[in-house]
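Chemist: could you look at this predicted model? Sequence included:
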Amino acid sequence: MTPRSVLVVGAGLAGARCAETLRAEGYDGELVLVGEEPFAPYERPALSKEFLAGEKGASDLFLRADAFWREQRIELVLGQRVASVDRDRRTATTTGGREIGWDVLVLATGARARRLPFETPRGVHVLRTLADAVALRRELIPGARLAIVGGGFVGAEVASTARKLGVDVTLLEAGSVPFERALGPELGAKLAQRYREHGVDIRTETAAAAFETNDGHVAGVVLTDGKTVGADVVLTAVGVEPAHDLGHGLEPPVYSCGDNAGSRGHWTGAAAEAVDVARRLLGLDPLPKQHPFFWSDQFGLRLQLVGETADAEAVEVEGSDDSFVARYRARGGKLVAGLASNRPAELGGLRLELSAA
Amino acid sequence: MYRIQIDRSLCSGFGACAEIAPDIIELDASGNATARVGVSDDPAVLDAAAACPMAAILITEEEAA
């Protein structure tokens, strides 16, 4: 039965795409999207890249123009979050004191940046929200010394942007090369070399143990081996954790999608889950399953990975340092993932090769 | 018949459409999705549009001429 009212908690990509898909597939009832940040749904991936670089402003990031939400009759309740849910009465109460009734509840609360387990002085940032990016951008002035804890995608992309802005960058990576788990040791070594060529001081097999401070502001990072990296500003980019567990089982009429569910921080995965949930609660067939995908823009490379590298035993690389394709094969030669670096036109072919494998 | 329009200002080249409906949508040299044909009767275009993370594909149903 089609619900009369749907409340989507979380106005990130997953919440937005879920609401949009409900309307696109003909749902005509009440539809409310509650978001903690005071902004309409926006494109988070740009925060570490074009937005941080000053190439895009906040208004360039919105997934849809304001008029779209009005025309689609999707009510945006922004700047507050859902504080409690009453499952028996089927209501939710926001931190702004508003009570919203629902027939179906979709939890798309997303993820928040994980923090280090010790006290963080002023000058130590995370990057997850637009507000985080604004605060970080203010400190990335030419000649500033930035230490980044964590060599994952956010860390690497901020390192790339900061170097363009004339900032000194030290990148701390726990593994022996960056992206060892995601892309394998060969590609990881290739990327580490590239970071060095772009002037990044990359320190591997190390982690932050504490911060040095000067008058309450960060002055450096003390590493696990006792060495210290001087820093005027620090970014901790050590992954995300699901945000705001509203403590509910996930049987209908309660659904979940996005980073708080299973999409593991992968942007397109969150979108796919959101579409899937919207279709499921309208009783529509699921879409054909797609291969996992993510991308990253860093140090002049657009990296696009499709598939799962976890079971790869060997990687074949063809092309140059700037422009290449890597094929990841499992034992027996079966293709399990493909990476295109500055070869955007080949992504479609890689997807089809994977489907045929 | 389905008329296929791709908003190139939204397309980010993720390629989900080219995986779901490879006979109808491909990635061009710069990695943007491009329709091989203007109209198609293959319902896979509906799935391709629904799966686009950027919601960049607009399908309109047309009466067959």
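Modeler: Okay, I see it.
Chemist: grab the CA positions of the helix or strand hosting A:Leu52 and hand them over as CSV.
Modeler: Here A:Leu52 sits within helix A:50-53, counting by DSSP states H and E. Provided in CSV are the C-alpha atoms of helix A:50-53 (Å, rounded to 0.1, in the frame of the first residue of the first chain):
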residue,chain,number,x,y,z
GLU,A,50,36.7,22.9,-6.0
PHE,A,51,35.2,24.5,-2.9
LEU,A,52,38.3,24.3,-0.8
ALA,A,53,40.3,25.7,-3.7
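Chemist: past it, which element shows up next along the chain?
Modeler: Next element after helix A:50-53 (DSSP H and E): helix A:66-71.
Chemist: buried stuff in that following helix?
Modeler: Using 16 or more other Cβ atoms under 10 Å in any protein chain shown as the test for burial, helix A:66-71 gives A:Trp69. Using the backbone N, CA and C atoms, a C-beta is placed for each residue, glycine as well.
Chemist: give me the mean pLDDT for it.
Modeler: The average of the pLDDT scores along helix A:66-71 is 97.
Chemist: run a quick neighbour tally on A:Lys289.
Modeler: Using other Cβ atoms under 10 Å in any protein chain shown, A:Lys289 has 11 neighbouring residues.
Chemist: for A:Gly349, see how far away the residue of chain B found nearest chain A is.
Modeler: As assessed by Cβ to the nearest Cβ, chain A sits closest to B:Gly31 within chain B, at 2.3 Å. Per Cβ to Cβ, to the nearest Å, B:Gly31 is found 11 Å from A:Gly349.
Chemist: contacting residues around the residue of chain B closest to chain A?
Modeler: A:344-345, A:347, B:13, B:15 (Cβ atoms under 8 Å, 6 or more residues apart in numbering or on different chains).
Chemist: now it: closest residue in space that isn't a chain neighbour?
Modeler: A:Pro344 (2.3 Å; Cβ to Cβ, 6 or more residues apart in numbering or on different chains).
Chemist: list the contacts of the closest residue to chain B within the stretch 251-357 of chain A.
Modeler: Across the stretch 251-357 of chain A, the shortest distance to chain B (Cβ to the nearest Cβ) belongs to A:Pro344, at 2.3 Å. A:Pro344 makes contact with A:302, A:304, B:13, B:27, B:30-32, according to Cβ under 8 Å, 6+ apart.
Chemist: let's see 10 Å
Modeler: Residues near A:Pro344 by Cβ atoms under 10 Å, 6 or more residues apart in numbering or on different chains: A:295, A:302, A:304, B:12-15, B:27-32.
Chemist: okay, how far is it across stretch A:315-332, tip to tip?
Modeler: Using Cα to Cα, to the nearest Å, the end-to-end distance of stretch A:315-332 comes to 13 Å.
Chemist: please enumerate the shared neighbours of B:Gly31 and A:Gly349.
Modeler: A:340, A:343, B:15.
Chemist: and chain B, which residues reach chain A?
Modeler: B:10, B:12-22, B:25-33, B:44, B:46-55, B:59 (Cβ under 10 Å from any Cβ of the partner chain).
Chemist: picking up where we left off before, which SSE is the residue of chain B closest to chain A in?
Modeler: B:Gly31 belongs to no helix or strand, assigned by DSSP H and E.
Chemist: tell me which residues in stretch B:16-27 are buried?
Modeler: Those would be B:16-22, B:24-27, for stretch B:16-27 by 16+ other Cβ under 10 Å.
Chemist: and it, how far apart are its ends?
Modeler: End-to-end distance for stretch B:16-27, by Cα to Cα: 10 Å.
Chemist: for it, what is the average pLDDT?
Modeler: For stretch B:16-27, mean pLDDT is 94.
Chemist: now for whichever helix in chain B runs longest, which elements pack on it?
Modeler: Determined from DSSP state H, the single longest helix within chain B is helix B:44-51. Helices and strands touching helix B:44-51, as assessed by 3 or more Cβ pairs under 10 Å, 6 or more residues apart in numbering or on different chains; DSSP states H and E, comprise helix A:13-24, helix A:267-281, strand B:2-6, helix B:16-20, strand B:25-27, strand B:33-35, strand B:57-61.
Chemist: residue contacts, residue 62?
Modeler: Since no chain was named, I'll use chain A. A:Phe62 touches A:16, A:39-43, A:68-69, counting by Cβ under 10 Å, 6+ apart.
Chemist: was after chain B, sorry
Modeler: By Cβ under 10 Å, 6+ apart, the neighbours of B:Glu62 are B:1-3, B:39, B:41.
Chemist: looking at the nearest residue to B:Leu27 once chain neighbours are set aside now. What's its pLDDT?
Modeler: Excluding the flanking residues, the one nearest B:Leu27 by Cβ to Cβ, 6+ apart is A:Gly348, at 4.1 Å. In this model, A:Gly348 is scored at 90, pLDDT.
Chemist: look up which residues are beta-bridged to the spatially closest residue to A:Thr228 that is not a sequence neighbour.
Modeler: Ranked by Cβ to Cβ, 6+ apart and with sequence neighbours excluded, the top spatial neighbour of A:Thr228 is A:Gly220, at 4.9 Å. For A:Gly220, the beta-bridge partners under DSSP bridges are A:Glu212, A:Gly230.
Chemist: OK, contacts around A:Gly220?
Modeler: A:Gly220 sits in contact with A:145, A:147, A:170, A:210-214, A:227-232, A:234, where contact means Cβ under 10 Å, 6+ apart.
Chemist: out of the residues you listed, which are buried?
Modeler: Those of these that meet the buried threshold are A:145, A:147, A:170, A:211, A:213, A:229, A:231-232, A:234, by 16+ other Cβ under 10 Å.
Chemist: would you mind putting these into TSV with distance to A:Glu186 and pLDDT alongside?
Modeler: Formatted as TSV, the buried ones among the contacts of A:Gly220 follow (distance: Cβ to Cβ, whole Å; pLDDT from 0 to 100):
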residue	distance to A:Glu186	pLDDT
A:Arg145	31	98
A:Ala147	27	98
A:Thr170	24	98
A:Phe211	34	96
A:Thr213	40	97
A:Val229	27	98
A:Ala231	31	98
A:Asp232	35	98
A:Val234	30	98
